[in-house]
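Peer 1: Mind looking at a prediction? Sequence and model below.
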Amino acid sequence: MAEQWRVIDLCEFEGRVASVRGGIEVCPEGGSPTTVPVAELAVVLVGMHVDLSAAVLHRLAEADVALLFCDWRGVPEGGCYSWSDHGRVAARHRAQADVSLPRKKNAWARLVRAKIEGQAAVLANMKIRGGGELLALADQVRSGDPGNVEAQAARLYWSRTLGREVGRQPSAGQLIGANACLDYGYSVLRGHLMRAVLAAGLAPALGVFHRGRGNAFALADDLIEPFRPAIDEVALQLPSTASPSDRKVKQLLVAAAAQRFDRDGHGIPAVAEGLAQRFGQYVEGDVDRLQVISWEGPSTVVVGEHDG
């Protein structure tokens with residue numbers, strides 16, 4: 001049966017966290033304390049301005065609550081977990097490691113299809129032809145994407161948005177232009193997915209498609225795919241001289257990675273957390289199919305004429 005994972009986010013919190021009978025006490029600087037029963041918690045995220053004691057670590061560990069230490073961006077850098085064989089995180093890691101290859105392939109197909117549908121929406125929102133062709137390709141995605149439809153869609157998409165001469169050149173070391181802005185936007189977006197994966201109690205190195213001994217966050221690189229078009233729609237509207245080293249451009253790209261994503265008005269971080277939680281339920285066998293939301297837009301980030 002699916003279990004509710006309650007996550008408390010204290011990344012921007014300034015104050016003290018103390019251990020009390022049956023829970024933890026959260027006391028902001030100059031404010032009144034609030035007691036949270038540990039029985040209601042699964043994960044606690046703490047930032048750089050939280051003062052807590054070893055007693056808090058013990059209280060959370062004995063209650064099987066994961067504690068994640070986050071940097072100034074809110075991205076986890078490390079964590080503390082219960083070592084109990086019956087812990088929630090340990091159980092989810094085992095389920096993730098044991099998930100069958102067919103279920104992995106099915107999950108990857110759903111992620112790829114959502115990404116291509118999002119790319120079609122970008123073309124439509126930017127009044128660029130080719131959206132219908134991308135939707136047709138999305139319908140051709142099969143379990144595991146054996147026909148590499150993702151690559152076919154990428155060639156069409158980037159040729160229409162960046163032109164055949166420029167094209168998509170990831171991590172090319174460029175300092176200005178669309179590719180540089182895309183790289184920066186994706187890196188901010190990846191931070192949100194890293195956090196979502198860890199907050200869901202998932203093993204970040206166990207991806208469904210991406211793998212590699214040097215990639216500690218392969219799963220984040222899988223789950224990021226449906227969200228990339230939201231970054232694209234902003235980065236592709238910036239001037240060709242735009243650079244992420246420019247403060248205004250950087251602010252736009254950071255905003256793009258947190259903007260409204262679904263029809264209910266939820267931002268990308270919240271939707272990413274939901275996807276990671278559903279993936280956890282999927283590997284545990286609580287749901288038969290992984291539900292993945294695709295980008296529809298239009299973007300809520302306004303790019304001005306003189307940005308960049």
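Peer 2: Alright, I've got the coordinates.
Peer 1: contacts and neighbour counts: CA atoms only from here.
Peer 2: Fine.
Peer 1: so where is this structure shaky, pLDDT-wise?
Peer 2: 1-4, 85, 164-167, 170-174, 305-308 (pLDDT under 70).
Peer 1: All the helices of this structure, in order from the start?
Peer 2: Assigned by DSSP state H, the helices in the chain fall at 54-62, 88-98, 101-125, 131-138, 149-161, 178-199, 218-223, 228-235, 247-256, 268-283.
Peer 1: right, so the ones you listed: which one is the most enclosed?
Peer 2: Sort those by mean neighbour count, taking mean count of other Cα atoms under 10 Å, and helix 228-235 sits at the top with a mean of 26.
Peer 1: okay, the angle between it and helix 247-256?
Peer 2: Taking axes from the mean of the first three to the mean of the last three Cα atoms, to 10 degrees, one finds helix 228-235 and helix 247-256 inclined to each other by 150 degrees.
Peer 1: Output helix 228-235 as CSV, restricted to C-alpha atoms.
Peer 2: The C-alpha coordinates for helix 228-235 follow below in CSV (Å, rounded to 0.1, in the frame of the first residue of the first chain):
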residue,chain,number,x,y,z
ARG,A,228,13.5,20.5,-20.2
PRO,A,229,11.0,22.1,-22.6
ALA,A,230,10.0,24.6,-19.9
ILE,A,231,13.6,25.8,-19.8
ASP,A,232,13.8,25.7,-23.6
GLU,A,233,10.8,28.1,-24.1
VAL,A,234,12.6,30.8,-22.1
ALA,A,235,16.2,30.3,-23.2
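Peer 1: Just the residues contacting it, thanks.
Peer 2: For helix 228-235, the external contacting residues (Cα atoms under 8 Å, 6 or more residues apart in numbering) are 115, 118-119, 122, 126, 178, 181-182, 185-186, 189, 252-253, 256-257, 261, 295, 297, 299, 301, 303.
Peer 1: Give the buried residues for stretch 79-86.
Peer 2: Within stretch 79-86, the residues that count as buried by 16 or more other Cα atoms under 10 Å are 80-82.
Peer 1: Which of these sits closest to A276?
Peer 2: Checking the buried residues of stretch 79-86 against A276 with Cα to Cα, the nearest one is Y81 at 18.3 Å.
Peer 1: Which residue, other than its chain neighbours, is closest to that closest one?
Peer 2: A66 (4.8 Å; Cα to Cα, 6 or more residues apart in numbering).
Peer 1: May I ask you to confirm that that neighbour is in contact with V43?
Peer 2: Yes. Taking Cα atoms under 8 Å as the definition, A66 is a contact partner of V43 at 4.7 Å.
Peer 1: circling back: tell me the one of the buried residues of stretch 79-86 nearest S143?
Peer 2: For the buried residues of stretch 79-86, the nearest to S143 is Y81 (34.1 Å; Cα to Cα).
Peer 1: from what I can see P226 touches A114, true?
Peer 2: Yes. Assessed by Cα under 8 Å, P226 is found in contact with A114 at 5.4 Å.
Peer 1: Overlap in contacts, the two.
Peer 2: Common neighbours of P226 and A114 (Cα under 8 Å, 6+ apart) are 292-295.
Peer 1: Please indicate which of those are buried?
Peer 2: 292-295.
Peer 1: Save those residues as a markdown table, and put in distance to V38 too.
Peer 2: Putting those into a markdown table (distance: Cα to Cα, whole Å) gives the following:
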| residue | distance to V38 |
| --- | --- |
| V292 | 31 |
| I293 | 32 |
| S294 | 35 |
| W295 | 36 |
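Peer 1: Show me the two of the residues you listed that sit farthest apart.
Peer 2: V292 and W295 (10.0 Å).
Peer 1: Report the set of residues contacting both of the two.
Peer 2: With Cα under 8 Å, 6+ apart, V292 and W295 have common neighbours 114, 226.
Peer 1: Next, work out how far apart the nearest residue to L275 once chain neighbours are set aside and V303 are.
Peer 2: Once flanking residues are discounted, L275 sits nearest to V292: 6.8 Å by Cα to Cα, 6+ apart. As for V292, its distance to V303 is 28 Å (criterion: Cα to Cα, to the nearest Å).
Peer 1: looking at it, L236 is touching T161, isn't it?
Peer 2: Yes. In this structure, L236 is within contact of T161 by Cα under 8 Å, at 7.3 Å.
Peer 1: Overlap in contacts, these two.
Peer 2: Contacts common to L236 and T161, judged by Cα under 8 Å, 6+ apart, are absent.
Peer 1: Need the residues that contact stretch 156-169.
Peer 2: So stretch 156-169 is in contact with 119-120, 123, 128-130, 134, 178-179, 236, going by Cα under 8 Å, 6+ apart.
Peer 1: how about it as PDB, C-alpha atoms only?
Peer 2: The C-alpha trace of stretch 156-169 is given here as PDB (Å, rounded to 0.1, in the frame of the first residue of the first chain):
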ATOM      1  CA  LEU A 156      13.600  18.000 -35.800                       C
ATOM      2  CA  TYR A 157      13.100  20.100 -32.700                       C
ATOM      3  CA  TRP A 158      16.600  21.700 -32.600                       C
ATOM      4  CA  SER A 159      16.700  22.200 -36.300                       C
ATOM      5  CA  ARG A 160      13.500  24.200 -36.100                       C
ATOM      6  CA  THR A 161      14.500  26.200 -33.000                       C
ATOM      7  CA  LEU A 162      18.200  26.700 -33.300                       C
ATOM      8  CA  GLY A 163      18.700  26.100 -37.000                       C
ATOM      9  CA  ARG A 164      20.800  23.400 -38.700                       C
ATOM     10  CA  GLU A 165      24.000  25.500 -38.600                       C
ATOM     11  CA  VAL A 166      23.900  26.100 -34.800                       C
ATOM     12  CA  GLY A 167      22.000  23.100 -33.500                       C
ATOM     13  CA  ARG A 168      22.100  21.800 -29.900                       C
ATOM     14  CA  GLN A 169      25.600  21.600 -28.500                       C
END
